[in-house]
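> Got a predicted structure plus its sequence, pasted below:
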Amino acid sequence: MRRQILFPVVASGVLMFASVAVFAQQTITAKPEDTEEWKPVPRIVAPGSTDGAPPSDAIVLFDGANLNQWVSAKDKSPAKWVAGDVLTVNKAAGNIETRRAFRDYQLHIEWRIPRNISGSGQERGNSGIFLASTGPGDAGYELQVLDSYHNTTYVNGQAGSIYKQSAPLVNPARKPGEWQSYDVVWTAPRFDASGTLKSPAFVTVFMNGVLVQNHFQLKGQTLYIGKPFYKQYDRAPIKLQAHGDASQPISFRNIWVRELP
Ligand code: MG
């Protein structure tokens, strides 16, 4: 009996000795170079200034020159919003979207609620940036634009929210009449060949330089009514909303995007 009890104790002692010896040997032979990675070398990109100027590899979507990068969302005809130094919503013309389609990207966009804005709640400077405009009849994925400077509404519908899914972490809204910015990192959802969701969409958003969405996992498209769901797509344009509220139309400027590999 005694021998049977002793045997495993001796065996585990030998094992422990062996693993200590292996660990000691690894410590002696490991070199700092073992954990250095030298390839691939990150591509050099000249940074923009901190005022939101586009970096060297950005696709400029609007810089005041023209509306060439934009089309009407409903029929892909040339966009008919008011373009001068700034781009102003033309509510009668409807939503506009980029000519190009994107998968994963970094986006910078600036927007301004008119100083004389009227209305309240969702009817006060409502617009939106649809991070993927997946087709007619689809809700898409909306980052809300609204006057949220002392304007009460449901929190998952205020500025900086992922509409009806995620309230902003904080409210860094500026006064009407002042320019505001969004910096967005969008990771598109992935689907298999049969259209089944493989991985959901994620979004990170800085509003006026302040983090408001931290790698938020979307539940699907951002619906006005009902539970969100996903629908298969690959690449999609970015869309700007011409909301039907009665308040004065908002403006955009300095819009650029960097595609992510
Ligand atoms: Mg909206």
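Here it is on my side, so go on.
> quick one: Tyr224 is in a helix?
No: applying DSSP: H, G, I helix; E, B strand; the rest coil, one finds Tyr224 to be coil, outside a helix.
> okay but it is in contact with Gln144, surely?
No: using C-beta atoms under 8 Å, Tyr224 makes no contact with Gln144, being 11.7 Å away. The C-beta positions use only the backbone N, C-alpha and C, and glycine is treated the same way.
> Looking only at neighbour counts, state which of the two leads.
Neighbours of Tyr224 and Gln144, each counted by other C-beta atoms under 10 Å, are more numerous for Gln144; the result is 24 against 9.
> so which helix or strand takes in that one?
Gln144 is located in strand 142-145, with elements delineated by DSSP states H and E.
> Following element in sequence after that strand, please.
strand 179-187.
> Show me the contact partners of whichever helix or strand comes after that following strand.
Per DSSP H and E, strand 179-187 leads on to strand 190-191 as the next helix or strand towards the C-terminus. By C-beta atoms under 8 Å, 6 or more residues apart in numbering, the list of residues contacting strand 190-191 from outside reads Leu197, Lys198, Ser199, Tyr230, Gln232, Tyr233, Asp234.
> what about the helices in the stretch 1-150 of the chain?
With DSSP state H, counting those that start in this stretch as the criterion, the stretch 1-150 of the chain has helices at 2-29.
> how does the protein divide into domains?
Per automatic domain parsing, the domain ranges recorded for the chain read 3-35, 59-259.
> which stretch in those domains has the least confidence?
The weakest mean pLDDT among the domains of the chain belongs to domain 3-35, with a mean of 57.
> List, one by one, the residues from this structure near the ion.
Contact residues, the chain versus the ion (C-beta under 5 Å from the ion): Asn126, Gly128, Gln241.
> Quick one: buried ones out of those residues?
Asn126, Gly128, Gln241 (16 or more other C-beta atoms under 10 Å).
> mind listing what the last one touches?
This means Gln241. So Gln241 contacts Val89, Asn95, Asn126, Ser127, Gly128, Ile129, Phe130, Glu142, Val145 (C-beta under 8 Å, 6+ apart).
> Kindly reformat those as a markdown table containing distance to Ala188.
Below are the contacts of Gln241 laid out as a markdown table (distance: C-beta to C-beta, whole Å):
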| residue | distance to Ala188 |
| --- | --- |
| Val89 | 26 |
| Asn95 | 20 |
| Asn126 | 25 |
| Ser127 | 22 |
| Gly128 | 18 |
| Ile129 | 15 |
| Phe130 | 13 |
| Glu142 | 15 |
| Val145 | 21 |
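> In the stretch 51-200 of the chain, what residue comes closest to the ion?
Nearest to the ion in the stretch 51-200 of the chain, going by C-beta to the ion, is Gly128, at a distance of 3.2 Å.
> Pretty sure that residue sits against Ile162.
No: counting by C-beta under 8 Å, Ile162 is not a contact partner of Gly128; they are 10.4 Å apart.
> overlap in contacts of those two?
Common contacts of Gly128 and Ile162 (C-beta under 8 Å, 6+ apart): Glu142, Leu143, Gln144.
> ok, so of the residues you listed, who is nearest Val184?
For the shared contacts of Gly128 and Ile162, the closest approach to Val184 (C-beta to C-beta) belongs to Leu143, at 6.6 Å.
> Name the nearest residue to the closest one, ignoring sequence neighbours.
Ile129 (4.6 Å; C-beta to C-beta, 6 or more residues apart in numbering).
> Give me the neighbour count for the one you found.
24.
> next one: Trp186
24.
> Just confirm it contacts Asp104, I think it does.
Yes: if you go by C-beta under 8 Å, Trp186 and Asp104 touch, sitting 6.3 Å apart.
> Having no further points to raise, I will conclude here.
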